[in-house]
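> output the structure for:
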Amino acid sequence: VLALAITMSVCAAGAMGLVFLIFRRKADDWGRDYYQFSLGYCAKWAIFPGLAAIPLMFWLAHHVKQLENQDALIATATAAASLLLAVFLWNVVRRSDNPLRHKPAIFLSCLAAMLAVTGLCFSLAILFFQ
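Numbering: from 1, shown residues only. Purely as a prediction, here's the structure:
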C-alpha cells in the first residue's frame, strides 16, 4: 500500500503541475517553447508513476476480491480504469508538438487522476476498517 501511495502521489503531482501551468499561462507568459517543454515534462512525471501504479491496483483488487467485498472491488476497478484514461490523455499531451492545444485533455486527465485517488482511498478505507 505504501508503494501505491508513493506512485499515486508522484502521479498526482505531475497532473497538478500540468493544470498549474495552464492556469499560470496568462500571468507568467514565458513563451511557447517553455510551455511545450514543461507540459511534456509534467506529463512524463505523471505517466510513469501512473503506469507503475496500475499493477499495484491489480494487486489490491486481488486482495479485495479475496475478502468478497463488492463495493471495494468496484472502487478499485473504477480507480484503475480512470487512471488508464488519465495515462492515455497524458501520453497524448506528451507526444504532441503543441501541447497547449490539449487543454481539455489536461483538465480531464487531472479529474480522472483525482477520481483514481478517491477510488483508492475508498477501497483502502473499506479494507482497513472492515
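
> every contact and neighbour count from this point should use C-alpha atoms.
OK.

> ranges for the helices of this protein?
2-23, 32-66, 70-95, 103-128 (DSSP state H).

> between the first one and helix 70-95, how many degrees?
Right, helix 2-23. 50 degrees (axes from the mean of the first three to the mean of the last three C-alpha atoms, to 10 degrees).

> for helix 2-23, name the packing helices and strands.
With contacts defined as 3 or more C-alpha pairs under 8 Å, 6 or more residues apart in numbering; DSSP states H and E, helix 2-23 has these neighbours: helix 32-66, helix 103-128.

> residue nearest the centroid of this protein?
residue 113 (3.3 Å; C-alpha atoms, centre = their mean).

> helix or strand with the lowest mean pLDDT in the protein?
Lowest by mean pLDDT, DSSP states H and E among the helices and strands of the chain is helix 32-66, with a mean of 86.

> let's have the helices and strands packed on helix 2-23 in TSV, adding distance to residue 90.
Converted to TSV, the helices and strands packed on helix 2-23 look like this (distance: least, C-alpha to C-alpha, whole Å):
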stretch	distance to residue 90
helix 32-66	5
helix 103-128	7
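
> and for residue 101, the neighbour number?
Neighbourhood size, residue 101 [other C-alpha atoms under 10 Å]: 11.

> correction: the previous question concerned residue 46.
As a burial measure, residue 46 scores 30 neighbours (other C-alpha under 10 Å).

> try residue 30
Residue 30: 10 neighbours (other C-alpha under 10 Å).

> what's the answer for residue 102, then?
14.

> who are the contact partners of the residue lying closest to residue 7 once chain neighbours are set aside?
Leaving aside its sequence neighbours, residue 7 sits nearest to residue 49 (C-alpha to C-alpha, 6 or more residues apart in numbering; 4.9 Å). Contacts of residue 49 were listed using C-alpha atoms under 8 Å, 6 or more residues apart in numbering, and they are 7-8, 10-11.

> residue 60 and residue 74 touch, don't they?
No - counting by C-alpha atoms under 8 Å, residue 60 does not reach residue 74; the two are 11.7 Å apart.
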